[in-house]
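> task: produce atomic coordinates for the following.
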Amino acid sequence: MAAKIDEIPEDVIYPEVMEAPRYSCALAGAYSTAVGIYGAVPILHSGLGCGIGQLFGQFYAGSQNAGGPQGGTSTPCSGLVEEHVIFGGEDKLRRLIKSSIELMQGDLYAVLSGCVPSLTGDDVESVVKEFREQVPIINVKTAGFLGNSYEGYELFFEAVIDQLLKELPIKKGLVNVFGVVPYQHIWWKGNLRAIKEDLQKLGLEANIIFTEFSGLENLIKIPAAELNIVLSPWNGLRVAKKLQERFNTPFITLPGVPVGPKQTTRLIREVSQALYLPAEPVEELIAREERHSYRFEEYFGDVMILAFPQPYFSVVADSGTAVGITQFLTNEVGYLPDKVIIADGMPEENREMILRELSENLECIIKPDVIFEQDSHLIRENLKRGHSLVLLASSLEWPIASESSAIIHITVSFPSFNRLILDQNYAGYRGGLRLMEDIVSKYCGPL
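Below you'll find the model as predicted:
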């Protein structure tokens, strides 16, 4: 006889069950990547639930953002059912692509095939080839079981490289930026804009691909770049390596999106060294930007020191976001790191960089517990064993903070159901100031 729920011991853990992971499936990642490119029309070859589910599971969870005119309920979908599992759905896909081209104006069409066609063996590539002379179109094999949202981002760009890109002359000063997944990284729009602006000050043209009106143009010019920049310890790394193999483009990898002066200076110096830029103007830029940022940091000094001096803090986020926030709060604000929980399911072979960044590159005698965990229940249990007064995490961790009036909670990572984020950012020289506005505003008052 099966045990009743109230008879199961509280400490029993079911390793095959994960509570509320911090991402969706590979299809969702490719879908959100396509939607993040202006002028791209995603065409889902999947069940209807695969599309509408991501309206809630990816877009709304990405800080209550809509999917735009090509996302959510506007996305063409083949709506596969039991009949197509048995007899195949190639003919329905063919008719769907034809009608989508006729009815939806787009610069690029991306067919994203889900679990059903991957299991039944639909020849999606052959169907897509029929339309390549009419419009720019790619086929992305994104069965949900292939991985999570971050994997879908890689699969999308791999399809772009294989099916769309052609060799181009190198354009001096052009750099591509990878490693930021639309919607999955809730600050994607503002962060990419800030990185672009900081690189422009070096005289570079940063091809950020997303958020801009020239979506297809940005994709096509990827091979012309002098350098690829990966703002993640692992996500986007496969794309950069594939571009190096195909077009011989060198790349550099940073641990995440830089937050504040020190990390942004590191980005500027590594990029300038990789491109052999003259040192003097680079250092003049760094001095000018750092002076401005540190001048403005003085303004929150009193309220931070008198009301909430050197609190312990914890972070729950994807790897790149976690590193950026932890290093800024530790190295530039003087907060004390307690726990850093990496919740993006990053592969074990890429974890060495994270561990090094959160130990050797923290200017503090106190080092955080670095935990790689995706299960929300286990994340809560780990946080309960800590002693942080500031918790920077997802909206799923808000109940932990609400249990204690002493804990300040800020939503900084996916999912974000309790915060709308449009053009805000924590990236670049000025990004740390924005982060401190959010934190200090939670507790500041009459001194």
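> can you tell me what sits against stretch 193-211?
For stretch 193-211, contacts defined as CB atoms under 8 Å, 6 or more residues apart in numbering pick out 36-38, 171, 173-177, 180, 182, 188-189, 192, 215, 218-219, 221-222, 225, 231, 257-258, 264, 267-268, 271-272, 275, 277, 282, 285, 289, 423, 425, 427-431. In this view, the C-beta of every residue, glycine as well, is placed from N, C-alpha and C.
> quick one, helices of the stretch 201-350 of the chain?
Using DSSP state H, counting those that start in this stretch, the helices of the stretch 201-350 of the chain run over 215-220, 237-247, 261-274, 279-297, 301-307, 319-328.
> ok, of the ones you listed, where does mean pLDDT dip lowest?
Among the helices of the stretch 201-350 of the chain, helix 301-307 has the lowest mean pLDDT, at a mean of 85.
> now for it, which elements pack on it?
helix 431-440 (3 or more CB pairs under 8 Å, 6 or more residues apart in numbering; DSSP states H and E).
> give me the distance from the helix it packs on to the chain's centre.
Taking CA atoms, centre = their mean, to the nearest Å, the mean C-alpha location of helix 431-440 is offset from the chain mean by 20 Å.
> relative to helix 261-274, how tilted is it?
For helix 431-440 against helix 261-274, the angle between stretch directions is 160 degrees (axes from the mean of the first three to the mean of the last three CA atoms, to 10 degrees).
> rewinding a little: now, of the helices of the stretch 201-350 of the chain, which is deepest in the fold?
Comparing the helices of the stretch 201-350 of the chain by mean neighbour count (mean count of other CB atoms under 10 Å), helix 319-328 ranks first with a mean of 28.
> distance between that one and the chain's centre?
13 Å.
> ok, and what's touching it?
Against helix 319-328 from outside (CB under 8 Å, 6+ apart): 179-180, 185, 187, 231-235, 255-260, 262-263, 315-317, 337, 340-342, 344, 346, 354, 357-358, 361-362, 368, 392, 412-413, 426-427, 432, 435.
> run the last query once more with 6 Å
The contact list for helix 319-328, computed with CB atoms under 6 Å, 6 or more residues apart in numbering, reads 232-233, 255-257, 259-260, 315, 337, 340, 342, 344, 346, 354, 357, 392, 413, 432.
> okay, now the unreliable bits of the stretch 51-200 of the chain?
By pLDDT under 70, the weakly predicted segments of the stretch 51-200 of the chain are 83-88.
> which parts of it are helices?
So, for the stretch 51-200 of the chain - with DSSP H, counting those that start in this stretch - the helices run 82-87, 90-103, 115-120, 124-129, 149-163, 188-200.
> which elements pack onto the fourth one?
Which is helix 124-129. helix 90-103, strand 137-141 (3 or more CB pairs under 6 Å, 6 or more residues apart in numbering; DSSP states H and E).
> which ones among the contacts of helix 319-328 lie within strands?
Secondary structure from DSSP state E places 315, 337, 340, 342, 392 of the contacts of helix 319-328 in strands.
> can you list these in a markdown table and add pLDDT and neighbour count?
As requested, the ones in strands among the contacts of helix 319-328 are exported to a markdown table (pLDDT from 0 to 100; neighbours: other CB atoms under 10 Å):
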| residue | pLDDT | neighbour count |
| --- | --- | --- |
| 315 | 97 | 28 |
| 337 | 97 | 23 |
| 340 | 97 | 26 |
| 342 | 97 | 26 |
| 392 | 97 | 26 |
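> tell me the domain ranges of this structure?
Domain assignment for the chain, taken from automatic domain parsing, gives 26-163, 174-294, 298-440.
> distance from stretch 75-82 to the middle of the chain?
Distance, stretch centre to chain centre, for stretch 75-82: 27 Å (CA atoms, centre = their mean).
> got the helices of the stretch 201-350 of the chain as JSON lines, with distance to residue 207 columns?
Shown next, in JSON lines, are these (distance: least, CB to CB, whole Å):
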{"stretch": "helix 215-220", "distance to residue 207": "5"}
{"stretch": "helix 237-247", "distance to residue 207": "12"}
{"stretch": "helix 261-274", "distance to residue 207": "13"}
{"stretch": "helix 279-297", "distance to residue 207": "20"}
{"stretch": "helix 301-307", "distance to residue 207": "38"}
{"stretch": "helix 319-328", "distance to residue 207": "19"}
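> of these, give the one that comes closest to residue 68.
Evaluated with CB to CB, those place helix 215-220 nearest to residue 68, the distance being 11.6 Å.
> alpha carbons of that closest one, as CSV, please.
Coordinates of each C-alpha in helix 215-220 appear next as CSV, following Å, rounded to 0.1, in the frame of the first residue of the first chain:
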residue,chain,number,x,y,z
GLY,A,215,18.1,41.9,-36.7
LEU,A,216,18.9,40.0,-39.8
GLU,A,217,21.6,42.4,-40.8
ASN,A,218,23.3,41.9,-37.4
LEU,A,219,23.2,38.1,-37.8
ILE,A,220,24.6,38.2,-41.4
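> other SSEs contacting that helix?
Counting by 3+ CB pairs under 6 Å, 6+ apart, helix 215-220 packs on no helix or strand.
> adjust the sequence numbering to begin at 289 for everything that follows.
From this message on, residue numbering opens at 289, which makes the last subject helix 503-508.
> contact partners of that helix?
Residues from elsewhere that reach helix 503-508, judged by CB under 6 Å, 6+ apart: 325-328, 395-396, 448, 495, 497.
> do stretch 407-416 as well
Contacts of stretch 407-416 (CB under 6 Å, 6+ apart): 373, 376-378, 381-382, 399, 401, 405, 425, 427.
> now, among the residues you listed, which is nearest to residue 439?
Taking the contacts of stretch 407-416 together and measuring to residue 439 by CB to CB, the closest member is residue 401, at 14.5 Å.
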